[in-house]
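1. what shape does this take:
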Amino acid sequence: GTIPTEIGILSSLSSLSLAENGLHGTIPTEIGKLSSLANLILNDNHLSDIIPSELGQLRFVFNSFFGSALDLSTNHLSGSIPSEIGLLSFLGLLPPGRFSLVITLNLDLSYNNLSGSIPSEVGLLHKLKDLSLS
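-> Numbering: from 1, shown residues only. All right, here's what the predicted structure looks like:
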């Protein structure tokens, strides 16, 4: 199957994990409209074409102590990493308590057919903990 473009209307969606589902086609640009995500996990599918620049519009909401992840690994994505990826923003929503919130992002784009250089805007992701591009 494919990821439907209507996914963008699910504005309260906090986690989207579609890993290992045999999905094909492109990543819909409408995913960039999801404003409450903590995780976007699309690894181990057959997604192709480019990484949409609209993913840079995501605002990751941290609601756990485990950080957030953007995992597009092990697909058939091609082209370059969009510079807009450096525009990802973050918001912590844990209640105050004895634990301090450490906001981190894991970005995994490995095992695709990406080309070109790593955009300098990736350096703007101050919350980036792990970056995998192998």
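2. what's the span of stretch 72-88, first residue to last?
-> Separation of the first and last residues of stretch 72-88 by C-alpha to C-alpha, to the nearest Å is 15 Å.
3. how far off centre is that stretch?
-> 9 Å (C-alpha atoms, centre = their mean, to the nearest Å).
4. how about it: buried residues?
-> Leu72, Ser73, Thr74, Asn75, Leu77, Ile81, Pro82, Glu84, Ile85, Gly86, Leu87, Leu88 (16 or more other C-beta atoms under 10 Å). All C-beta atoms are positioned from the backbone trio N, CA, C, and that covers glycine.
5. can you give me the neighbour number for the residue lying closest to the last one once chain neighbours are set aside?
-> What that stands for is Leu88. Excluding its sequence neighbours, the residue lying closest to Leu88 (C-beta to C-beta, 6 or more residues apart in numbering) is Leu58, at 5.6 Å. Leu58: 23 surrounding residues under other C-beta atoms under 10 Å.
6. who's in contact with the residue most central in space within the chain?
-> Centroid-nearest residue in the chain: Leu70, 2.9 Å away (criterion: C-alpha atoms, centre = their mean). Contacts of Leu70 were listed using C-beta atoms under 8 Å, 6 or more residues apart in numbering, and they are Asn39, Leu40, Leu55, Leu58, Phe60, Leu88, Leu105, Asn106, Leu107, Asp108.
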